[in-house]
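Asks: here you go, sequence then predicted model.
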Amino acid sequence: LAHALSLTAFNLALGQEEEAKNVFGRPLEHCSSSGMALSGFTRTGYCVNQLDDIGSHHICMNVSSTTGGNFCEVTQQSNWCSSRMPCHDVDLGGLCPVQSWCVCQWAFDSYIKNAGGCEHIQNIKCEAVNRQALIAYRKSEKYKDALECIERKCGLM
């Protein structure tokens with residue numbers, strides 16, 4: 001929780017109202033899509049920057065993949081990774097599996113460290129990763145691994 005609070009405090013300090021951008025500086029794309037659970041802290045499908053989002057759910061990754069270990073288990077969370085939630089296609093109704101999901105910045109950092117490094121985790125969906133994660137991670141040396149992982153997986157290095 002301390003990780004979440006320090007990253008969130010920085011994100012709150014930014015406080016600008018602007019169009020959500022991805023790590024490439026382009027408009028943020030959906031994290032979830034048809035046939036999977038609707039992602040995002042606000043359940044819009046986007047990893048948006050929201051002032052009341054204490055976890056800063058900015059990194060889009062496939063949590064249904066077990067590359068690097070089950071995301072929920074490795075980050076010591078309840079196993080929501082294997083659950084079913086309302087579908088991305090809300091007009092169709094029903095429940096769909098959690099797949100591409102906007103994960104907390106602190107959890108992503110923890111996952112990388114506990115999975116054995118960036119090379120041992122699944123891919124992230126760079127077009128759906130909110131650039132606010134890069135901005136926050138750049139402010140603290142302790143998040144160096146998470147920052148470098150996003151930069152490497154998204155070809156920003």
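Replies: Yep, it's here. Numbers count the residues shown, from 1 in each chain.
Asks: measure Cys149 to Gln50 for me?
Replies: Cys149 sits 23 Å away from Gln50, going by Cβ to Cβ, to the nearest Å. Every residue, glycine included, has its C-beta placed from N, CA and C.
Asks: between those two, who's got more neighbours?
Replies: Taking neighbours as other Cβ atoms under 10 Å, Cys149 and Gln50 compare with Cys149 leading, 22 against 17.
Asks: past the lowest-mean-pLDDT helix or strand in the chain, which element shows up next along the chain?
Replies: In the chain, no helix or strand scores lower on mean pLDDT, DSSP states H and E than helix 2-14, which sits at a mean of 40. Counting by DSSP states H and E, the next helix or strand C-terminal to helix 2-14 is strand 57-62.
Asks: who are the packing partners of that following strand?
Replies: Counting contacts by 3 or more Cβ pairs under 8 Å, 6 or more residues apart in numbering; DSSP states H and E, strand 57-62 packs against strand 100-104, helix 105-115, helix 131-137.
Asks: ok and the shortest one relative to helix 105-115, angle-wise?
Replies: Pointing back at strand 100-104 there. If you take axes from the mean of the first three to the mean of the last three Cα atoms, to 10 degrees, strand 100-104 sits at 100 degrees to helix 105-115.
Asks: neighbouring contacts of strand 100-104?
Replies: The contact list for strand 100-104 (Cβ atoms under 8 Å, 6 or more residues apart in numbering) reads 4, 31-33, 36-37, 39-41, 46-47, 55-63, 71, 81, 111, 125, 128.
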